[in-house]
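**Student:** here's a sequence, model it:
(chains A and B)
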2 protein chains.
Amino acid sequence: MNRFDPVARVIDLDLPIPSLSDNRSHEARLRTALENILGQRPLIPLNTCKVLPYILPSSGYRVQTLLLYGRSEWKVVQVSAESRPLHPYGLAVDLGSTTVAFYLMDLCSGEIVSTLSKTNPQGVHGEDILERIIFAGQGNGLNRLQSEVVDLFNSSVQEIVTGQGMSAEDICFIALAGNTTMCHLLLGLDPAHICREPYIPVVNRFDLIRPGEIGVNVHPQAWLYCFPNVGSYFGGDLLAGIMASDMHRKDEISMLVDVGTNAEVVLGNRDWLVACAGAAGPALEGGILSCGMSAQPGAIDRVDIDPDTLAVIFHTKNGKAPKGLCGSGIIDLLAAMFVAGLVDSTGRLVVDRDNARMQQLNGEWIYVVADPHETGHEKPVYISQSDIKNLIRSKGAMYTILNVLIQSVGIDFKDIETFYVAGAFGNYIDPRKAVIIGMLPDIPIERFKSLENAAGTGAMQALRNRKTGKEVEEICDRITYLEMNVRGDFMNQLTASLFLPHTDLSRFPSVYEMMKG
Amino acid sequence: MNRFDPVARVIDLDLPIPSLSDNRSHEARLRTALENILGQRPLIPLNTCKVLPYILPSSGYRVQTLLLYGRSEWKVVQVSAESRPLHPYGLAVDLGSTTVAFYLMDLCSGEIVSTLSKTNPQGVHGEDILERIIFAGQGNGLNRLQSEVVDLFNSSVQEIVTGQGMSAEDICFIALAGNTTMCHLLLGLDPAHICREPYIPVVNRFDLIRPGEIGVNVHPQAWLYCFPNVGSYFGGDLLAGIMASDMHRKDEISMLVDVGTNAEVVLGNRDWLVACAGAAGPALEGGILSCGMSAQPGAIDRVDIDPDTLAVIFHTKNGKAPKGLCGSGIIDLLAAMFVAGLVDSTGRLVVDRDNARMQQLNGEWIYVVADPHETGHEKPVYISQSDIKNLIRSKGAMYTILNVLIQSVGIDFKDIETFYVAGAFGNYIDPRKAVIIGMLPDIPIERFKSLENAAGTGAMQALRNRKTGKEVEEICDRITYLEMNVRGDFMNQLTASLFLPHTDLSRFPSVYEMMKG
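**Tutor:** Next comes the predicted model:
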């Protein structure tokens, strides 16, 4: 990983005292001393210059200076007498559409000293991104969405700094990763063209921004770094994920998938990187299923079925009475039902295999996971025949996206040494179950690696190492982005994958062996 | 001189229209097109990004862009549909302690389209710099001095742009040259240490400033460039003068003198530059003389005396009745009196040479230049014995400063090919008269060149060529500044020069020849 070379530095100076033979200005005295240490000439903003005649002579020319790294140069943002030591902090932000996570970093040590997770207040205008883009286009919508998230930043900063006995001005750098639309909304950039002709973002690469420009109140000279995006559906969150995985520096080939309604995928190593994004549909996240829910307390997140007794064992979030199924539970359930023969390879419920749990509801077969007497709301938790069809379409789309990308570079899944699974619910997937249903490729299970908190980790990395921005730009420059929608073979491949695990069983040898045995 | 390569550029773009195979963001589309033209990657501020989705598609991707050159990079500050063409202007400012001159430059052509000259409103707190520094240190003095000159900037900008049918936002670059104290006061930098321990300015080199930071209202993305200073008494006005003279690029050796209460001098060529500044005293500017005045209407600015008839011929500013003597008139007068034998080489009035004009006033001999019946105020205009002593001290100091500098590099005055005379009244000096009294060296008269409006010309140069800032920094880096106060030989030399023209007549061969003849 990158060495600790953070975006802020505190440098102690013992400056030569002015004399007739050294009558440089305060500014020149400071600048030259710092230039000798930094190896480059720092900028000194007017506000910093203004305080020099009050601080330098009275401190005996022994001062602490706080420097921030910008595009390619250092800027002296604060000067203090030694008796008032400076201690800069950074804020890493994972700007998710559902949750916004804040990480306060001590920029002297690189340690995270406080974290805070908040619900994205824009959610009231629509859970999904498309709804928010539409809202942004109506009347004052964009301003409203922007101020909601800016207000969240300010209130969260206040909550964090109060807890630490600090002030907001101690935060002098913000590094932020989010998807393309979330970043646009924060910065007040009209996202309309992301989902409308010409189907492009306003900005791919954000220059450094003063947080004050968008109303975020931290140090007045602070910088805000926003991870760039490669396209409308390949955002800064995924680039932060690449940084977190380090796959762009390794010899071995890795694949990184952000699992969600959209599947965003990167494949490659230190020599090459290809990427694509495609719609997998909302079924995997539980969104449109009869009993789907997000990973809240009471969500069934683990399920297993005894293939002999057909007994169902499940686990819920926080151990609460079950209310529904979240993403990882859904994948577990489908895999277990397939292994137990409760669903066949075409996705049809085998209704006479368990007469107790197979029931009819509104003229459709369902499989009951939890009875009304077990649940928290006196209704059953179940999966319906059409839920399963939806699920298979989503898992098939996911697999097809991965496969098209693999084929585009002429390699095979077995060439992938590490397969990173990221995303809001990606972390919780049991990869073996995802392989059984044919959503993820059948590679040795130890090659799957859950990439927890990928965007947040990448954002922290941008604070810990000042060269991160440049490194991310280099990734953007060398990444080849495949437009999934324009590939003719996508639909054919998708059709072939609408089976459990796949029409071509040779692609899933371990599943074939298991089912045979 | 420098080629026209101004700080602002308007570039017309015909951008590729987005498609599925070219789905770069608006920002990337714009940035890449400009990068190809500029040969470097421009910055695109958030405010510029914001308007792109509204302007680019509706204009058919044919736009005009306005770019400003900053430290070392271009910044896209405006984008407009072709139907609303952009036309940037720059403002060059000569920030004098008495007069502030504004020059509006069309940055497309480099032409000056409007000029405006205003009295520096800080003058009410003291004509001279020291008084203003003291005022700045009292209570809210610094803020008051700053806002007076900022207000002058804003009102002058309004006056200029109204006259041109423009708006203040059409001004996107300000280049400013002034002495060290004037620049400090404009920027709100405490000048106290300029005249008090440790006798240094706050800033030698000013980074680019946003005019809005100090309350000057022009284009919101505009830059303000302030010429650096080499020291408390060697300001940006003189560096602008060097730029105006081009002496730092020539093979021949030149000397540049800013004549005033302080004499600021630069000597050198493309290979080396030495400089110094020293107090010549206020007498030369007329300040402390009995009948001294500034170059207002009614000031005697030219005088001659017939050596045979002793008739006095004079010229006044605007042809008004004489009220007093300004700088150039004083030098003319002393030279003419010396040539006519009315004052001897020690500076004593030869009282019996003209019994009519030599009179006694308050127990002191005076020489009457204009009778009460000739003058505008019914009092005589005259020069007194003690005026002459003061004058000789000032001219002697001036010559000594020049001579010490010449000697420090081991050359002789005759090695100077061009002698630039600059400064508020420097332009008006008749160099032959200044040679006769021994204020300027006795070199061929055609080598003297008046450098009119040196600071303003340098400031314009900074608008006309974007590399000027870098060139000025290089001058600062290679200039050797001699501290006059610490040189032991200064006082000895000064004593030798308290004669007309000098104790060592061999230094003034042409004056010797003339007097002998």
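
**Student:** could you chop chain A up by domain?
**Tutor:** Structural domains annotated on chain A: A:8-81, A:89-226, A:283-391, as defined by automatic domain parsing.

**Student:** select, out of the ones you listed, the one closest to residue B:73.
**Tutor:** Of all the domains of chain A, the one in closest proximity to residue B:73, counting by C-beta to C-beta, is domain A:8-81 (8.3 Å). Any C-beta I mention is one placed from the backbone N, CA and C, and that applies to glycine too.

**Student:** do I have it right that residue A:52 meets residue B:200?
**Tutor:** No: the pair formed by residue A:52 and residue B:200 falls short of the contact definition of C-beta atoms under 8 Å, at 10.2 Å.

**Student:** which of the domains of chain A sits closest to residue B:250?
**Tutor:** Ranking the domains of chain A by distance to residue B:250, with C-beta to C-beta as the measure, places domain A:8-81 first at 27.5 Å.

**Student:** ends of the closest one, what's the gap?
**Tutor:** Across domain A:8-81, the terminal residues are separated by 18 Å (C-alpha to C-alpha, to the nearest Å).

**Student:** follow-up on the earlier one: between residue A:52 and residue B:200, who's got more neighbours?
**Tutor:** In this view residue A:52 and residue B:200 are compared by other C-beta atoms under 10 Å in any protein chain shown, and residue B:200 has more residues nearby, 26 against 23.

**Student:** quick check: that one touching residue A:30?
**Tutor:** No: between residue B:200 and residue A:30 there is no contact under C-beta under 8 Å: 11.8 Å.

**Student:** what stretches of the stretch 351-500 of chain A score poorly on pLDDT?
**Tutor:** Applying pLDDT under 70 to the stretch 351-500 of chain A picks out residues A:424-425, A:485-488.

**Student:** at 80 what do you get?
**Tutor:** Low-confidence regions of the stretch 351-500 of chain A, defined here as pLDDT under 80, cover residues A:376, A:423-427, A:483-489.

**Student:** same deal with the stretch 1-150 of chain A?
**Tutor:** Applying pLDDT under 80 to the stretch 1-150 of chain A flags residues A:1-2, A:82-83.

**Student:** now do the strands in it.
**Tutor:** A:8-14, A:62-69, A:74-81, A:89-95, A:99-106, A:112-119 (DSSP state E, counting those that start in this stretch).

**Student:** again, but for the stretch 151-300 of chain A
**Tutor:** If DSSP E, counting those that start in this stretch is used as the criterion, the strands of the stretch 151-300 of chain A fall at A:171-178, A:223-226, A:254-258, A:262-268, A:273-279, A:299-305.

**Student:** okay if I get the domains of chain A as a markdown table plus distance to chain B?
**Tutor:** Formatted as a markdown table, the entries for the domains of chain A read as follows, by distance: least, C-beta to the nearest C-beta, whole Å:
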| stretch | distance to chain B |
| --- | --- |
| domain A:8-81 | 4 |
| domain A:89-226 | 4 |
| domain A:283-391 | 26 |
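
**Student:** run through the helices of chain A in chain order.
**Tutor:** Secondary structure of chain A (DSSP state H): helices at A:26-38, A:46-55, A:129-136, A:141-164, A:180-187, A:236-245, A:327-339, A:385-408, A:431-436, A:454-464, A:468-478, A:489-496, A:509-516.

**Student:** taking strand A:171-178 as reference, get the angle to the fifth one.
**Tutor:** By that I understand helix A:180-187. Here helix A:180-187 runs at an angle of 150 degrees relative to strand A:171-178 (axes from the mean of the first three to the mean of the last three C-alpha atoms, to 10 degrees).

**Student:** how about the fourth one?
**Tutor:** Comparing the axes of helix A:141-164 and strand A:171-178 via the same axes, to 10 degrees yields an angle of 130 degrees.

**Student:** convert the C-alpha atoms of stretch A:373-391 to PDB, please.
**Tutor:** Listed in PDB are the C-alpha atoms of stretch A:373-391, where the atom choice follows Å, rounded to 0.1, in the frame of the first residue of the first chain:
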ATOM      1  CA  HIS A 373     -46.300 -17.000  13.900                       C
ATOM      2  CA  GLU A 374     -42.500 -16.700  13.500                       C
ATOM      3  CA  THR A 375     -42.500 -13.300  12.000                       C
ATOM      4  CA  GLY A 376     -42.600  -9.900  13.600                       C
ATOM      5  CA  HIS A 377     -45.600  -8.700  11.600                       C
ATOM      6  CA  GLU A 378     -47.900 -11.800  11.600                       C
ATOM      7  CA  LYS A 379     -47.500 -12.200   7.800                       C
ATOM      8  CA  PRO A 380     -45.400 -14.900   6.200                       C
ATOM      9  CA  VAL A 381     -42.000 -14.200   4.700                       C
ATOM     10  CA  TYR A 382     -41.900 -16.000   1.400                       C
ATOM     11  CA  ILE A 383     -40.500 -16.000  -2.100                       C
ATOM     12  CA  SER A 384     -42.900 -16.300  -5.100                       C
ATOM     13  CA  GLN A 385     -42.500 -17.900  -8.500                       C
ATOM     14  CA  SER A 386     -42.300 -14.500 -10.200                       C
ATOM     15  CA  ASP A 387     -39.700 -13.300  -7.600                       C
ATOM     16  CA  ILE A 388     -37.600 -16.200  -8.600                       C
ATOM     17  CA  LYS A 389     -37.900 -15.300 -12.300                       C
ATOM     18  CA  ASN A 390     -36.900 -11.800 -11.500                       C
ATOM     19  CA  LEU A 391     -34.000 -13.000  -9.400                       C
END
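
**Student:** and it, which residues are buried?
**Tutor:** A:375, A:380, A:381, A:382, A:383, A:384, A:385, A:387, A:388, A:390, A:391 (16 or more other C-beta atoms under 10 Å in any protein chain shown).

**Student:** what residues does that stretch touch?
**Tutor:** For stretch A:373-391, contacts defined as C-beta atoms under 8 Å, 6 or more residues apart in numbering or on different chains pick out A:281, A:283-284, A:288-292, A:298, A:300, A:320-325, A:330, A:333-334, A:337, A:343, A:347-349, A:359, A:361, A:364-372, A:437.

**Student:** narrow those to just the buried residues.
**Tutor:** Burial of these was assessed by neighbour count (16+ other C-beta under 10 Å); the buried members are A:281, A:283-284, A:289-292, A:298, A:300, A:322-325, A:330, A:333-334, A:337, A:343, A:347, A:349, A:365-371, A:437.

**Student:** tally of neighbours for the closest residue to residue A:104 other than its chain neighbours?
**Tutor:** Here the nearest residue to residue A:104 in space, its sequence neighbours aside, is residue A:114; by C-beta to C-beta, 6 or more residues apart in numbering or on different chains that works out to 4.1 Å. Taking other C-beta under 10 Å as the neighbour definition, residue A:114 ends up with a count of 17.

**Student:** on that earlier part again, nearest to residue B:164, out of the helices of chain A?
**Tutor:** If you check each of these against residue B:164 by C-beta to C-beta, helix A:46-55 wins as the nearest, at 29.2 Å.

**Student:** residue A:305 against residue A:338, yeah?
**Tutor:** No: the criterion here is C-beta under 8 Å, and residue A:305 misses it with residue A:338 at 9.7 Å.

**Student:** distance of residue A:427 from residue A:448?
**Tutor:** Residue A:427 sits at a distance of 11 Å from residue A:448 (criterion: C-beta to C-beta, to the nearest Å).

**Student:** kindly apply the preceding question to residue A:20 instead.
**Tutor:** Going from residue A:20 to residue A:448 by C-beta to C-beta gives 72 Å.

**Student:** repeat that for residue A:52.
**Tutor:** 56 Å.

**Student:** residue A:20 and residue A:448 - which one has more neighbours?
**Tutor:** Neighbours around residue A:20 and residue A:448, counted as other C-beta under 10 Å, are more numerous at residue A:448. The numbers are 22 against 10.

**Student:** once you drop chain neighbours, what's closest to that one?
**Tutor:** Sequence neighbours aside, residue A:431 is the residue nearest to residue A:448 in space, at 3.8 Å (criterion: C-beta to C-beta, 6+ apart).
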